[in-house]
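Engineer: Got a sequence here, can you build the structure:
(2 chains)
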Amino acid sequence: MEKDILEILEKDSRLSVEKISVMLGVSEEEVARCIKKMEDDGIICGYTILADWDKAEKEYVAAMIEVKVTPQRDSGYEEIARRIYRFDEVKSVYLMSGAYDFMVLMDGKNIKEISHFISSKLSTLDYVTGTATHFVLKKYKDYGIVMEKEQSEDERMKVSP
Amino acid sequence: MTFIAEHIKNMPRSGIRKFFDIVNEIDGAISLGVGEPDFETPWPVRERGIYTLEKKRTVYTSNAGLLELRREISRYLENSLDVKYDPNGEVLVTVGASEGIDVALRAVINPGDEVMVVEPSFVSYKPCVVMAGGVPVVIETKQENNFRLTPDELVEKITPRTKALILPYPNNPTGAIMEKSDLAAIEKVLKYRDIVVISDEIYSELTYSDSPHVSIASFESMRNKTIVLNGFSKSYAMTGWRLGYAAGPRDIIDAMTKIHQYIIMCAPTVSQYAGIEALKSCGEAVVKMRKEYNMRRRVMRKGFLDMGLDCFEAMGAFYLFPDISSTGLKSEEFAERLLMEEKVAVVPGTAFGECGEGFIRCSYAYSIDEINAALERIGRFVKRMKGV
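Structural biologist: Predicted coordinates for the structure are as follows:
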């Protein structure tokens, strides 16, 4: 059931416990208990919205930065990751397989701001040996949701057998 | 003077068609009247269709359908129904299950043969029986039996002229299903009788009980006198592709293929290739859709119960069949007034047989938001009719 609730909330985290209980055919108490448990266990890490900032007319640039590092003797990648994700500008940090070590996702007001962050904060970390920055030109789909609403009218006949 | 044949002239227009004309004139109506999924055909299937066109695979296939598709169908049936069908000779690819109904009936009916039609049910059965020269004999199912066919109801209608039984489960419009024990009781009645069962299982992937769909063909004694009809429309959201299939004993499928060959030639080639993709790679998509339907089913049923309408717990397809007799209105009147006064389109139960009187069919092939909006309007209407 936990998985079912997660799937529902992932699509619309604003749904009430009552509504979810009807959808799944279980009691409200059960749903509430389950959600609480998942929050406590850190399975549900937060509730957020998916915004298209381009439409919100906010000065905004997103970047993906490949980061190469030298893993540390005692802490491996963990301590480095921590050092990187503590910056508020950093939205996501993933440890990757392949040609580089971390993928860092960040937002900034403009290219300059992001460049400044990389050159002054990120590249200067001792164990960072190199970075490659990619700026996002346009987001088409994020977290499974298509940003540009396709004109999707219900083409079905209103009544059919 | 009219050129129209007697039996066609006397055939009533589908009750749905009549309603369809009214609905289309109403602006801003919310509809719960649709008998097809709101999901899109899964992208891999559409992509396969595009690729097929690119490769110019736009010629006829063999009459029975692409062998690769028949193989996939055969594998699917073995996995889902636990019945084996030889792709060579026991599977026929049709233009939707609709063609399957027609061709199956034509293949088995001699003039004057009786065909038992379980109602309420899909609108095509009776007309197809008549067009094939048969005589439809209606078996009315009841809400108190959860609209399942009972052995008593069946026995009562069997005569020396009975040739076939059309078994439409999971059911449109009631959403009823037949579980294994229900089918076992039916099998007992039919075991030693020479009656063909045409089992329309188009909604087989959409059941919501703990145990999966069971086909009467899975009973050993029934395997060789059952024609299983199914298709891609409901399970893979592929209504417009017009792709279905029939599986059954060799002699009957052979006869059906003969008819199919003369009237259709073959099912659309692009659709057939797309169908292969659906069976091969879209099991996960079906599970997802089923889950979503199930949630909507619960939301909608609670809505009806909350507004004081009796609504049996349908475990299949994507319809609910609430009992509206407590409003004092007949089905058609209810549907028409609901449409005029609250702009919600539902289908009167009578469109699916006389015993649908007192019920309306509501489809939950809509988003939860649309369902909630419709429920609110229906609730308002019901309250007014009940005068509370």
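
Engineer: For the rest of this, base every contact and every neighbour count on C-alpha atoms.
Structural biologist: Noted.

Engineer: how about the lowest-mean-pLDDT helix or strand in chain B: buried residues?
Structural biologist: The helix or strand of chain B with the lowest confidence, counting by mean pLDDT, DSSP states H and E, is helix B:15-23 at a mean of 79. Across helix B:15-23, burial judged by 16 or more other Cα atoms under 10 Å in any protein chain shown covers B:15-16, B:19-20, B:23.

Engineer: ok, now stretch B:379-388?
Structural biologist: B:379, B:381-382.

Engineer: Adding distance to chain A and secondary structure, write these out as TSV.
Structural biologist: Shown next, in TSV, are the buried residues of stretch B:379-388 (distance: Cα to the nearest Cα, whole Å; DSSP: H, G, I helix; E, B strand; the rest coil):
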residue	distance to chain A	secondary structure
B:G379	18	helix
B:F381	20	helix
B:V382	21	helix
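
Engineer: what about the helix of greatest length in chain A, average pLDDT?
Structural biologist: Using DSSP state H to define each element, chain A has its longest helix at helix A:28-40. For helix A:28-40, mean pLDDT is 96.

Engineer: Which other helices and strands does that helix contact?
Structural biologist: helix A:2-11, helix A:17-24 (3 or more Cα pairs under 8 Å, 6 or more residues apart in numbering or on different chains; DSSP states H and E).

Engineer: residues in contact with the very next helix or strand once past that helix?
Structural biologist: Using DSSP states H and E, the helix or strand that follows helix A:28-40 towards the C-terminus is strand A:61-69. Strand A:61-69 has contacts (Cα atoms under 8 Å, 6 or more residues apart in numbering or on different chains) with A:100-111, A:114, A:127-136.

Engineer: Name only those of those that count as buried.
Structural biologist: A:101-108, A:114, A:128, A:131, A:133.

Engineer: Give me the nearest residue to B:N63, chain neighbours excluded.
Structural biologist: The spatially closest residue to B:N63, leaving aside those adjacent along the chain, is B:C266, at 4.9 Å (Cα to Cα, 6 or more residues apart in numbering or on different chains).

Engineer: How about the residues of chain A by chain B?
Structural biologist: A:19, A:22-25, A:154, A:156-161 (Cα under 8 Å from any Cα of the partner chain).

Engineer: just the buried members of these?
Structural biologist: If we count by 16+ other Cα under 10 Å, the residues of chain A next to chain B have these buried: A:22-25, A:158-159, A:161.

Engineer: Name the nearest residue to the residue most central in space within chain A, sequence neighbours excluded.
Structural biologist: Nearest to the mean C-alpha position of chain A, counting by Cα atoms, centre = their mean, stands A:S92 at 6.5 Å. Spatial nearest neighbour of A:S92, chain neighbours left out: A:L105 (4.9 Å); criterion: Cα to Cα, 6+ apart.

Engineer: Phi, psi for that neighbour please.
Structural biologist: Backbone torsions for A:L105, taken as degrees, to the nearest 10, come to phi -100, psi 130.

Engineer: pLDDT score assigned to it?
Structural biologist: At A:L105, the model reports a pLDDT of 96.

Engineer: Which segments of chain A make up each domain?
Structural biologist: Domain ranges of chain A: A:2-40, A:61-138, per automatic domain parsing.
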